[in-house]
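1. what would the 3D arrangement of this be:
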Amino acid sequence: MYLKQKLFRKISVGILALSLIISIGYFTDLGAQIYFGISPVRVEHKLTPGKKDTYAIEIMNRGPFPLRIKVYVADWYLKDDGTPVFVAPGQVDYSCTGWIKTNPQDFRLSPDQNKVVRYQVSVPDVAEKGGYWTGICFENVLPETPGEKPRAVFSKGRIVAIVYVRVGKVIPEGEIKNIETSLKEEFMEFEIKIENTGRTYFRIKGELEIKDHRGKVAAKIKLPDVPVLRESQRIIKLKLDKKLPPGNYLAFCKLDIGREELIGLKKSFSVPEK
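-> Next up, the predicted model:
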């Protein structure tokens, strides 16, 4: 089973890296591939304590075979390098898994059929202002027929819709902790450490600018649009394919994290003679 990107144009490569966990498999006796997808794959809701509202996610079966889909909610967090880790509910701080109810939770989807799954977000009265998150999982499972031995076996496939909930008005807070440079054989690598010191998640937008000793811009590298969860760190590695001549340089990283002002950090480095 795999997700065929061309069928679901609303799913971008950047989102896929964060929000999909897909197992590869086939109907062993038919050699057929399974295609299903959801839209949207990432949502953000802004609510106040005690508020509840209902939203919808559409699931699509574009394969030639019927699917049985189970829907459930799961906690997740990000490693420093941005790798998502999904765990059972109750293991992640600032999770809003307990605020989510889905309907339906188990259904069948015919070939070329679309179905709307609704979910309700209920923010507790005592919820503190801040950013919370969870994941709504859509998993295909092998239908069971009583008294009949399955003729086909395939791996489970799971797609996760990432759900963020921002309670109240919260200003993002963060800083760039460090910029490390590393000269490789054919390129230069920059490692940028970003820390979220606030009470909500944020996404970053920005660039790394490199100037030579005369102040002339030698290169610019755009940073990826990725999330940094509250009270966590994110390490971003950037590769400069262009070779820099030997000399002294200044790396200047500036980021937009959703505040009125940008945050930034400068780091001097040198490229030695061979």
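
2. alpha carbons only for contacts and neighbour counts from here, please
-> Will do.

3. kindly provide the distance from residue 248 to residue 191.
-> Going from residue 248 to residue 191 by CA to CA, to the nearest Å gives 18 Å.

4. and for residue 47?
-> From residue 47 to residue 191 the distance is 36 Å (CA to CA).

5. where does residue 172 land in three-state SS?
-> Per DSSP: H, G, I helix; E, B strand; the rest coil, the local secondary structure of residue 172 is coil.

6. in three-state terms, label residue 98 for me.
-> From three-state DSSP, the assignment for residue 98 is helix.

7. and the residue nearest to it when sequence neighbours are not counted, what is it in contact with?
-> Excluding the flanking residues, the one nearest residue 98 by CA to CA, 6 or more residues apart in numbering is residue 89, at 8.0 Å. Each residue near residue 89 by CA atoms under 8 Å, 6 or more residues apart in numbering is listed here: 73-75, 97-98.

8. need those residues in TSV with pLDDT, can you?
-> What follows is the contacts of residue 89, written out as TSV (pLDDT from 0 to 100):
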residue	pLDDT
73	96
74	95
75	97
97	96
98	96
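
9. of the residues you listed, buried ones?
-> For the contacts of residue 89, a burial check counting by 16 or more other CA atoms under 10 Å picks out 73-75, 97-98.

10. could you pull out the helices for the chain?
-> 13-19 (DSSP state H).

11. so where's the stretch 51-200 of the chain uncertain?
-> When residues are selected by pLDDT under 70, those of the stretch 51-200 of the chain lie in 143-156.

12. circling back: closest to residue 273 among the contacts of residue 89?
-> Of all these, residue 273 sits closest to residue 75, with 49.8 Å by CA to CA.

13. okay, that closest one and residue 132: tell me how far apart.
-> Distance, residue 75 to residue 132, by CA to CA: 11 Å.

14. before we move on, the earlier item: any idea how far the residue nearest to residue 98 is from residue 137?
-> The spacing between residue 89 and residue 137, counted by CA to CA, is 12 Å.

15. with residue 203 instead?
-> Counting by CA to CA - residue 203 and residue 137 are separated by 22 Å.

16. who has more neighbours, the two?
-> Per other CA atoms under 10 Å, whichever of residue 203 and residue 137 has more neighbours is residue 137, with 20 against 15.

17. is the more buried one bridged to anything, and to what?
-> Bridge pairing for residue 137 (DSSP bridges) gives the partners residue 72, residue 160.

18. I'd say it and residue 160 touch.
-> Yes - counting by CA atoms under 8 Å, residue 137 does reach residue 160; the two are 4.4 Å apart.

19. before we move on, back to that, let's have the contacts of residue 89 in a markdown table, adding distance to residue 177.
-> As requested, the contacts of residue 89 are arranged in a markdown table below (distance: CA to CA, whole Å):
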| residue | distance to residue 177 |
| --- | --- |
| 73 | 33 |
| 74 | 31 |
| 75 | 27 |
| 97 | 31 |
| 98 | 33 |
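
20. so which of those would you say is closest to residue 264?
-> Distance ranking of the contacts of residue 89 against residue 264, using CA to CA, places residue 75 first at 31.6 Å.
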